[in-house]
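Peer 1: need a 3D model of the sequence below.
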Amino acid sequence: MSEIDYRRLTEAEVDRVGEIDRSERVESAFVQKGARLEERAVAWNVRPWTADGHGEHSIAHQREACARQLRAGAAALGALAGERLIGLGLLTPHVRRGVAQLAFLHVSDGHRARGVGARLADELERIARAAGHAEVVVSATPSGNTVRFYLGRGYEPDADPLPELLALEPEDVHLRKRL
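Peer 2: Next up is the predicted model:
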């Protein structure tokens, strides 16, 4: 595997989000009930984002979602293996007083469980602390690997998630971390 370069990204570089391969075989998922999480067996085959259309799982939709976060002041960090974008994280500041949102964190298949996501998350949390935030919230895809990643980083289920995040992602697992 080539060396990975971690750095802040420009808006044009974030637009390359479609280079990330989100493919994954998911065998467990979590359902959130207040501050409690229940793990269940599932059989999901997550496919790459589609190049066609504008649906939720399209590259166009991901580009627009990232652009919306950038317009809200998000910091964008990328992980690049050579010229290929293999990881992207966005931290949106001031969603509430003292609270930032880890709005986007994806790492390409083949690069997960190698510290790429942890390094991006560490740096985004450092940026949040430097901006005076005391907490970070995240609406995480409920897949077992994703939720365990955040739990292992000190995030806890949020029994009272931000209403706008809950409305946007009601099936997600809503987590919060004190910095």
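Peer 1: the top strand by length along the chain packs against which elements?
Peer 2: When the chain is scanned for its longest strand (criterion: DSSP state E), the result is strand 84-96. Using 3 or more CB pairs under 8 Å, 6 or more residues apart in numbering; DSSP states H and E as the contact definition, the elements that strand 84-96 packs against are helix 11-14, helix 59-71, strand 75-81, strand 99-107, helix 116-130. Placement of C-beta: from N, CA and C, glycine included.
Peer 1: what strands flank that strand, and is each parallel or antiparallel?
Peer 2: For strand 84-96, the paired strands and their directions (DSSP bridges) are strand 75-81 (antiparallel), strand 99-107 (antiparallel).
Peer 1: the residue nearest the centre of the chain pairs with what?
Peer 2: Centrality entry for the chain: nearest residue to the mean C-alpha point is residue 105, 2.5 Å, by CA atoms, centre = their mean. Per DSSP bridges, residues listed as beta-bridge partners of residue 105: residue 89.
Peer 1: contacts only, for it.
Peer 2: Contact analysis of residue 105 by CB atoms under 8 Å, 6 or more residues apart in numbering lists 87, 88, 89, 90, 117, 120, 121, 124, 138.
Peer 1: name the nearest residue to the first one, ignoring sequence neighbours.
Peer 2: Same thing as residue 87. Leaving aside its chain neighbours, residue 87 sits nearest to residue 79 (3.3 Å; criterion: CB to CB, 6 or more residues apart in numbering).
Peer 1: and the fifth one, by the same measure?
Peer 2: Nearest residue to residue 117 in three dimensions, chain neighbours excluded: residue 107, at 4.7 Å (CB to CB, 6+ apart).
Peer 1: count of neighbours near that neighbour?
Peer 2: The number of residues packed around residue 107, counting by other CB atoms under 10 Å, is 24.
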